[in-house]
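Engineer: take a look and give me a structure for this.
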Amino acid sequence: MTRPAAKAGRVPAPGLRDGESRGGQGELGENPLERIGNTPLLRFTSLTEGRPRVEILGKAEWFNPGGSVKDRAAANIIAEARRAGRFGAGKILLDSTSGNTGIAYAMLGAAQRFPVTLCMPENVSIERKRIVEAYGANVIYSDPADGSDGAIRCARELYARNPQKYFYADQYSNDANWRAHYLTTANEIWQQTQGRISHFISMLGTSGTFMGTTRRLKELNPNIHCVSLQPDSPFHGIEGAKHMDAAIVPTIYDAQLADEDLKIATEDAYKMIKRLARTESVLVGISAAAAVVGCMQVAERLKRGQRATIVTILCDSGDKYLSERFWDE
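Structural biologist: As a prediction, this is how the structure comes out:
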């Protein structure tokens, strides 16, 4: 598999070549899509009390214009398809989503004037439903009992019936997904930690974030310990995450890349959301909280006095989950 070269310096947004800008010379302000990538790295101080040599850091991906890490993959999937001539005028972008990638597609469709059709489980949060509809996407809801796999089957069936009508983005099988993180996310983390990162930890959904980031970080320093996370049960409440043993496994997923794979309980993720909100003043989403749980598990195993810089991906903020019942439990 050919891997793209990554350059040092400011990391270009997915879909942009280094040094390229969407704005014209002399224009004031910037296109919102130029804000994809280069997200801040937050430090969680209360989580490492008693461990002065351990840092837990999270990439605040809600600073992307669509509010999540999925802006990176969606932008690159579209850009690569355009360059290859697979997504031309008149075609409808089609994909399955648990929410965030759909929001990214819908936002990009509104900005670039192309239609978007999404297959999404009926039980995603009401906030996600309203956001994709606000951007004007056409949404087909699949059986909630089938989870993300049901949405995948829905999209495949639509495409099979009329392949000329759609550009099927297929985020679970599209190498442009992981390449977005190889080119941007990993290099940002390396620069922001000044090369001090010792552990990279990320939840698995499409697996693109973990695959691309891990590939590039391992090139920069093979000793970085990369840990993938997934729910501890096929029946879980971590939206966007996949329990790989019981799900349709993404084509882009390579289990061999992970130095370690940990299972995260939904209840622990719910508790961490509240803890981060009340002790760190940071409101994160469910999968982001699950990722921080994984960071804590790794940190607690470290030998006393061991130095570590642990970095994870905070996929989105908690404002898309405020209608969920766990807040009142």
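Engineer: got any ranges where this structure has weak pLDDT?
Structural biologist: 1-26 (pLDDT under 70).
Engineer: mind doing that once more with 80?
Structural biologist: 1-27 (pLDDT under 80).
Engineer: so for it, the centremost residue is which one?
Structural biologist: Residue closest to the mean C-alpha point of the chain, counted by Cα atoms, centre = their mean, is Val69 at 3.9 Å.
Engineer: now do the strands in the stretch 51-200 of the chain.
Structural biologist: 54-60, 92-96, 116-121, 138-142, 166-168, 199-203 (DSSP state E, counting those that start in this stretch).
Engineer: ranges for the helices of the stretch 151-300 of the chain?
Structural biologist: For the stretch 151-300 of the chain, the helices defined by DSSP state H, counting those that start in this stretch occupy 175-180, 186-192, 208-220, 266-279, 286-301.
Engineer: make TSV from the ones you listed and add distance to Gln164 and mean neighbour count to it.
Structural biologist: For the C-beta atoms, the positions are set from N, CA and C on the backbone; glycine is no exception. Output for the helices of the stretch 151-300 of the chain, formatted as TSV (distance: least, Cβ to Cβ, whole Å; neighbours: other Cβ atoms under 10 Å):
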stretch	distance to Gln164	mean neighbour count
helix 175-180	21	27
helix 186-192	37	21
helix 208-220	27	24
helix 266-279	41	18
helix 286-301	35	23
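Engineer: hang on, the earlier thing: tell me the most buried of the strands of the stretch 51-200 of the chain?
Structural biologist: Per-stretch averages of neighbours, counted by mean count of other Cβ atoms under 10 Å, single out strand 199-203 among the strands of the stretch 51-200 of the chain, with a mean of 26.
Engineer: quick one: distance of that one to the chain centre.
Structural biologist: Strand 199-203 sits 12 Å away from the centroid of its parent chain (Cα atoms, centre = their mean, to the nearest Å).
Engineer: re earlier: same list (the helices of the stretch 151-300 of the chain) but as JSON lines, adding distance to Asp143.
Structural biologist: Output for the helices of the stretch 151-300 of the chain, formatted as JSON lines (distance: least, Cβ to Cβ, whole Å):
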{"stretch": "helix 175-180", "distance to Asp143": "25"}
{"stretch": "helix 186-192", "distance to Asp143": "36"}
{"stretch": "helix 208-220", "distance to Asp143": "25"}
{"stretch": "helix 266-279", "distance to Asp143": "20"}
{"stretch": "helix 286-301", "distance to Asp143": "21"}
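Engineer: of those helices, which approaches Asp259 most closely?
Structural biologist: With respect to Asp259, and counting by Cβ to Cβ, the nearest of these is helix 208-220 at 8.8 Å.
Engineer: how near is the residue nearest to the centre of the chain to Ile103?
Structural biologist: According to Cβ to Cβ, to the nearest Å, Val69 stands 11 Å off from Ile103.
Engineer: returning to that earlier point: Serialize the strands of the stretch 51-200 of the chain to JSON lines and add fields for distance to Asp261.
Structural biologist: Formatted as JSON lines, these follow (distance: least, Cβ to Cβ, whole Å):
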{"stretch": "strand 54-60", "distance to Asp261": "19"}
{"stretch": "strand 92-96", "distance to Asp261": "24"}
{"stretch": "strand 116-121", "distance to Asp261": "24"}
{"stretch": "strand 138-142", "distance to Asp261": "27"}
{"stretch": "strand 166-168", "distance to Asp261": "29"}
{"stretch": "strand 199-203", "distance to Asp261": "11"}
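Engineer: out of these, which gets nearest to Arg216?
Structural biologist: That would be strand 199-203 among the strands of the stretch 51-200 of the chain, by Cβ to Cβ, at 10.0 Å.
Engineer: partner strands of that closest one and their direction?
Structural biologist: strand 225-231 (parallel), strand 308-314 (parallel) (DSSP bridges).
Engineer: buried deepest among those, which one?
Structural biologist: Note that of these, strand 308-314 is the most buried (mean count of other Cβ under 10 Å), with a mean of 24.
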